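Engineer: Got a sequence here, can you build the structure:
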Amino acid sequence: MYRKDFIEREFEKLALLLGYILNLKKEKKPLLEMVQAANVGLKDLFGEDFDMETVEHDTDVNKLTPQKQQALADILFELGITAHQQHKPEASAKFLQQYLYMLELIEKNTTTFSFQNIANKGIAQKLLMEL
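Structural biologist: This next block holds a predicted model:
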């Protein structure tokens, strides 16, 4: 029972973090503010060693549950899209590449099919080709 409660709280924290980032996006806050919020929230969830700058080189993301990987991927996607909208191509490319990496992990680790992942993957690949 304790483990189930812990896991549910972790998902709630991830959902709140994603909601907060989406709210910052809705308020048209600068990308830097969104990235800082994501960094603080993700370090709180995954530990102080977590570095969003090097997600694709972090072996600990392989150990995350597919649900946590999906939440992290969703955050990276939103940051990449926001960076693109704010005309920051380097940041957009970095976040979208990390998003695609996370999708690869998710596809390996879960049997759940997501139409949203397919749509977002297409968007990310198209934006990366334009950069």
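Engineer: What separation do you get for residue 79 and residue 129?
Structural biologist: Relative to residue 129, residue 79 is positioned 19 Å away (Cβ to Cβ, to the nearest Å). The way it works is simple: take the backbone N, C-alpha and C, and place the C-beta from them, glycine included.
Engineer: what does residue 63 give?
Structural biologist: If you go by Cβ to Cβ, the gap between residue 63 and residue 129 works out to 31 Å.
Engineer: Which residue of the two possesses the greater neighbour count?
Structural biologist: Higher neighbour count among residue 63 and residue 129: residue 63, with 10 against 7, using other Cβ atoms under 10 Å.
Engineer: where's that one relative to residue 92, distance?
Structural biologist: Residue 63 is 28 Å from residue 92, by Cβ to Cβ.
Engineer: residue ranges with poor pLDDT in the protein?
Structural biologist: 1-7, 57-59 (pLDDT under 70).
Engineer: immediately after the longest helix that it contains, which helix or strand?
Structural biologist: Across the chain, the longest stretch assigned as helix under DSSP state H is helix 2-26. Proceeding N to C from helix 2-26, the next assigned helix or strand is helix 31-46, under DSSP states H and E.
Engineer: what does that following helix rub up against?
Structural biologist: Applying Cβ atoms under 8 Å, 6 or more residues apart in numbering, the contact partners of helix 31-46 are 10, 13-14, 17, 20-21, 24-25, 50, 52, 60, 64, 68, 72, 75, 78-79, 82-83, 86, 88, 91.
Engineer: Equivalent analysis for stretch 93-111, please.
Structural biologist: Contacts of stretch 93-111 (Cβ under 8 Å, 6+ apart): 52-53, 55-56, 61-62, 66, 69-70, 72-73, 76-77, 79-80, 83-84, 117, 120-121, 124-125, 127-128, 131.
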